[in-house]
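Trainee: Need the 3D shape of this:
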Amino acid sequence: MTMDPRDLLRRMFDAAVAAVQPAHCVPPHLPAPPKGRLIVIGAGKASAAMARAVEEHWPGPLSGLVVTRYGHAVACDRIEVVEAAHPVPDAAGLAATARILELARGLTPDDLVLFLISGGGSALLAAPLEGLNLEDEQAVNRALLASGASIGEMNCVRRHLSAVKGGRLAAACHPARMLTLLMSDVPGDGPADIASGPTVADPTTGADALAILRRYSVGVPPAVTALLESGRGESVKPGDPRLASCETRVIATPLMALEAAADVAREAGLEAHILGDALEGEAREVGKVLAGMASHAARHGQPFATPCVLLSGGETTVTVRGRGRGGRNVECLLALGVALNGLPGVHALAADTDGADGQEEVAGAFLGPGSLARARDLGLNALGMLEDNDAHAFFEALDDRLVTGPTLTNVNDFRAILIGAR
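Mentor: Residues are numbered from 1 along each chain as shown. As a prediction, the model looks like this:
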């Protein structure tokens, strides 16, 4: 069978993104109208699209506010949409979060809060605890992002420094009922880790957060250390009565996206294998492991007969040691390419389902058997650029970037390796 590998990889990515669009995932989970008011609040890269889906399917009055990343807003009639910075919070996020907390005040048991949360909410919901300021929160986020800590570890720290994370936002809405609709961008789909769990109980402690900072030698402002050591940063714990009327539903997951991509591959006559939806670790190390699997399959037909597609998701990390532009998906892809070293018949795509890999407005990139040879012809050193955390520049020079713009959804990393296609 003859096929265009890049076209097939792109169609798999597009199907993955389409399967987790808010317009598709939100409406089936809308609740019955409450006796009192419906207040819609939310945060995340997909929160504006989620809000529009609510408006289009809600039969009665509603009001509210959601905060999303710059460039990810969509038009809503009754729910205000505010844009703010991600992955490092800014003053716009701080002001929007303060307004969300105002909306939470004075609610009654007859009112219903519909909370719309997706990946990116940790940075967009900016509300430092008393004793900290926005600059402290920014410094912690920058240090964590460069440390190599996992997303779960980063969010543990964030929960103990915030006035809204770790169940505090739900507590602020008490005694109103709350329904949280979650679009998962974290390995394992744990509600406490999606946007650092603003509406769910948190079993971790400030001591856990301190241990993470020390484990990765994360330098933070003295006020942060003092707060964690004092115990003033403790989050809302399981069994707290203020959370008794809170319900949480995960409505979109990385696995849903991978299964949609697998369907496209099978329609093209290929076997599709989902390696996992929760792969974590250093991006370049994950790339090496995936290269080993792809190489063995290409050379020996084990453990997967070829032609086939290997799919995976999750959230890798990058310990920044170089001066490049970062991007965990492109770093994973470049490491894959370096390890494969031009192995014939292997093509790959790695991208973030929200359309932005790291701080670049680039979703990810494509890799083919000839990528490294083309790079050498341009005078590029693939291994040197990998060591400098400069994979974005590598794929930009090859014109192999995947640029989608904001996809208005987010279920984290997407990786597809096509082996043996002709």
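
Trainee: Identify the residues contacting the strand of greatest length in the chain?
Mentor: Looking across the chain with DSSP state E, the single longest strand is strand 271-279. In this structure, residues lying in contact with strand 271-279 by Cβ atoms under 8 Å, 6 or more residues apart in numbering are 187-188, 253-255, 258-259, 261-263, 265-266, 286, 290, 293, 304-305, 307-314, 316, 413. No exception for glycine: its C-beta is placed from N, CA and C like everyone else's.

Trainee: Of those, which belong to strands?
Mentor: The strands in this structure, assigned by DSSP E, contain 308, 309, 310, 311, 312, 313, 314, 413 from the contacts of strand 271-279.

Trainee: Give me the number of neighbouring residues for the last one.
Mentor: Residue neighbour count, defined by other Cβ atoms under 10 Å, stands at 27 for residue 413.

Trainee: need the contact list for it.
Mentor: The neighbours of residue 413, taking Cβ under 8 Å, 6+ apart as the test, are 254, 279, 312-316, 328-329, 332, 350-353.

Trainee: would you turn those into TSV with neighbour count?
Mentor: Compiled in TSV, these are given as follows (neighbours: other Cβ atoms under 10 Å):
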residue	neighbour count
254	30
279	20
312	25
313	25
314	22
315	23
316	26
328	24
329	31
332	31
350	36
351	31
352	28
353	30
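
Trainee: and which of those is nearest residue 125?
Mentor: Top of the list for closeness to residue 125, among the contacts of residue 413 and by Cβ to Cβ, is residue 315 at 18.7 Å.

Trainee: how much space between that closest one and residue 385?
Mentor: According to Cβ to Cβ, to the nearest Å, residue 315 and residue 385 sit 22 Å apart.

Trainee: Repeat that for residue 391.
Mentor: Relative to residue 385, residue 391 is positioned 7 Å away (Cβ to Cβ).

Trainee: Could you point out which residue ranges in the stretch 301-422 of the chain have low pLDDT?
Mentor: Low-confidence regions of the stretch 301-422 of the chain, defined by pLDDT under 70, span residues 422.

Trainee: Please repeat the previous calculation with a cut-off of 50.
Mentor: Scanning the stretch 301-422 of the chain with the threshold set as pLDDT under 50 gives no residue ranges.

Trainee: swap in the stretch 1-150 of the chain?
Mentor: Across the stretch 1-150 of the chain (using pLDDT under 50), the flagged ranges come out as 1.

Trainee: just the helices in it please.
Mentor: Taking DSSP state H, counting those that start in this stretch as the test, the helices found in the stretch 1-150 of the chain are 5-19, 22-25, 47-57, 91-104, 121-124, 134-145.

Trainee: Next: the stretch 151-300 of the chain.
Mentor: 151-159, 168-173, 206-215, 222-230, 254-267, 283-300.

Trainee: Quick check: the gap between the spatially closest residue to residue 153 that is not a sequence neighbour and residue 130.
Mentor: Closest residue to residue 153 in three dimensions, ignoring its sequence neighbours and counting by Cβ to Cβ, 6 or more residues apart in numbering: residue 212, at 4.7 Å. Here the criterion is Cβ to Cβ. By it, residue 212 lies 22 Å from residue 130.

Trainee: what do you get for residue 414?
Mentor: For residue 414, the distance to residue 130 equals 40 Å [Cβ to Cβ].

Trainee: And those two? Which one has more around it.
Mentor: Of the pair residue 414 and residue 130, residue 414 is the one with more neighbours under other Cβ under 10 Å, namely 25 against 7.

Trainee: Surely that one touches residue 351?
Mentor: Yes: taking Cβ atoms under 8 Å as the contact criterion, residue 414 and residue 351 are neighbours in contact, 5.4 Å apart.

Trainee: shared neighbours of these two, which are they?
Mentor: When contacts are counted by Cβ under 8 Å, 6+ apart, the set common to residue 414 and residue 351 consists of 13, 329, 364.

Trainee: Hmm, residue 354 and the second one touching each other?
Mentor: Yep, that's residue 329 we're talking about. No: in this structure, residue 329 is not within contact of residue 354 by Cβ under 8 Å, at 10.8 Å.

Trainee: what is in contact with those two at once?
Mentor: Counting by Cβ under 8 Å, 6+ apart, the common neighbours of residue 329 and residue 354 are residue 363.

Trainee: Contacts for stretch 373-391 next, please.
Mentor: Stretch 373-391 has contacts (Cβ under 8 Å, 6+ apart) with 284, 318, 320-327, 330-331, 333-335, 337-338, 342, 365, 372, 393-394, 397-398.

Trainee: Which among those count as buried?
Mentor: Burial by neighbour count, judged by 16 or more other Cβ atoms under 10 Å, picks out 284, 318, 320, 324-327, 330-331, 333-335, 337-338, 365, 372, 393-394, 398 from those.
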